[in-house]
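K.L.:
Okay, structure incoming, though there's no sequence with it:
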């Protein structure tokens, strides 16, 4: 009986609370409708801006990854602004300054927690904007060499010449020197050729130069073949032979193979010796020399 009376006493209080909630909801209804309208306008603005950026990117022939980054950043900025405005409309006590202060403190904490992620993200944006290398280029960085397969916001994927895939953080490519091996269509290759000391240096230089110029992969129409006597080797006069060919690693290897074969063939045809290494041995005490016949006689029994 007492429980029934207690419940009967709670009913007016519950009705009053529900009435207050409904009254507050009715009073806040215009603000909620306005906030929803702001969110709808924000969504439309994001769609329009993305479409405009896509059209501009196609006309300017921007990279797909860069265009996606610009669309993402613009969407984040518009949604951030729209949600801040909608929040202040629904809750008038929350001013934009207070909301920005709260978000600023939170972003500092998030920034410290995800420092490496943001560092790679910003480095990826700068790489896409500056375009120091493109897809298909061969690059070298921190003893890693290969072809650029894909550039994302966080990392760059490099396919090495042995087929292995290396995923490099963008911060590493942004902070360290990067050699773009295929930045130009041509690249210089070099081999060292040695001839015997008894050979004519000028004649050998002319023969080597003529042999290299006859190789199909050598672009002597663009850059001259250069042959310089470089040094006095241990057993030869060394020539530095340089020429220009394709910039891809396979072009360099194939051209070097053809050039080495052509030089060897030309030197052999003209009777110019490519010497083996010579060694001179010096002994402190004189050595006794004997013929093989004398040694055999001494070794045989009487």
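P.N.:
Alright, I've got the coordinates. Please read all numbers here as calculations on a predicted model, not as lab measurements.

K.L.:
Check which helices and strands the helix or strand that residue 89 is a member of is in contact with.
P.N.:
Taking DSSP states H and E as the definition, residue 89 sits inside helix 64-90. With contacts taken as 3 or more CB pairs under 8 Å, 6 or more residues apart in numbering; DSSP states H and E, helix 64-90 sits against helix 2-60, helix 96-113, helix 115-130. (Glycine included, C-beta is placed from N, CA and C.)

K.L.:
any idea which of these scores lowest on pLDDT?
P.N.:
Here these differ in mean pLDDT, and the lowest is helix 96-113 at a mean of 56.

K.L.:
Looks like residue 260 contacts residue 191 (just checking).
P.N.:
Yes - here residue 260 reaches residue 191: they are 6.1 Å apart, a contact under CB atoms under 8 Å.

K.L.:
returning to that earlier point: list the buried residues in the helix holding residue 89.
P.N.:
In terms of neighbour count (16 or more other CB atoms under 10 Å), helix 64-90 has its buried residues at 65-71, 74-75, 78, 82, 84-86, 88-89.

K.L.:
Please apply the same query to stretch 134-154.
P.N.:
Quick answer for stretch 134-154 (16+ other CB under 10 Å): 137, 138, 139, 141, 145, 146, 147, 148, 151, 152, 153.

K.L.:
Which of these fall in strands?
P.N.:
Counting by DSSP state E, the members of these that fall within strands are 138, 139, 141, 145, 146, 147, 148, 151.

K.L.:
and stretch 34-45, which residues are buried?
P.N.:
35, 38, 42, 45.

K.L.:
Run through who's touching it.
P.N.:
Residues outside stretch 34-45 that contact it (CB atoms under 8 Å, 6 or more residues apart in numbering): 78, 79, 81, 82, 83, 85, 86, 87, 89, 90.

K.L.:
re the thing from before, save the buried residues of stretch 134-154 as JSON lines, and put in distance to residue 215 and pLDDT too.
P.N.:
Shown next, in JSON lines, are those (distance: CB to CB, whole Å; pLDDT from 0 to 100):
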{"residue": "137", "distance to residue 215": "26", "pLDDT": "92"}
{"residue": "138", "distance to residue 215": "22", "pLDDT": "94"}
{"residue": "139", "distance to residue 215": "27", "pLDDT": "93"}
{"residue": "141", "distance to residue 215": "31", "pLDDT": "91"}
{"residue": "145", "distance to residue 215": "25", "pLDDT": "92"}
{"residue": "146", "distance to residue 215": "27", "pLDDT": "93"}
{"residue": "147", "distance to residue 215": "25", "pLDDT": "93"}
{"residue": "148", "distance to residue 215": "29", "pLDDT": "92"}
{"residue": "151", "distance to residue 215": "36", "pLDDT": "86"}
{"residue": "152", "distance to residue 215": "41", "pLDDT": "83"}
{"residue": "153", "distance to residue 215": "44", "pLDDT": "80"}
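
K.L.:
How about residue 156, nearest residue that isn't a chain neighbour?
P.N.:
residue 168 (5.2 Å; CB to CB, 6 or more residues apart in numbering).

K.L.:
how far off strand 144-151 does the host helix or strand of the one you found point, in degrees?
P.N.:
For residue 168, the element it lies in under DSSP H and E is strand 165-169. Here the directions of strand 165-169 and strand 144-151 differ by 80 degrees (axes from the mean of the first three to the mean of the last three CA atoms, to 10 degrees).

K.L.:
What count of nearby residues applies to the closest residue to residue 214 other than its chain neighbours?
P.N.:
Counting by CB to CB, 6+ apart, the nearest residue to residue 214 once its immediate chain neighbours are dropped is residue 262, at 6.5 Å. Counted with other CB atoms under 10 Å, residues neighbouring residue 262 total 19.

K.L.:
can you give me the offset of the helix or strand where residue 262 lies from its chain's centre?
P.N.:
Assigned by DSSP H and E, residue 262 belongs to helix 249-269. Relative to its chain's centre, helix 249-269 lies at 31 Å (CA atoms, centre = their mean, to the nearest Å).

K.L.:
Same question for stretch 119-138.
P.N.:
For stretch 119-138, the distance to the chain centre is 7 Å (CA atoms, centre = their mean).

K.L.:
first to last residue in it, what's the distance?
P.N.:
24 Å (CA to CA, to the nearest Å).

K.L.:
how about that stretch: buried residues?
P.N.:
Buried-residue list, stretch 119-138, by 16+ other CB under 10 Å: 119, 120, 121, 123, 124, 125, 127, 128, 133, 137, 138.

K.L.:
Repeat that for stretch 273-291.
P.N.:
By neighbour count on 16+ other CB under 10 Å, the buried set for stretch 273-291 is residue 275.

K.L.:
Residue 80 and residue 90: what is the separation?
P.N.:
16 Å (CB to CB, to the nearest Å).
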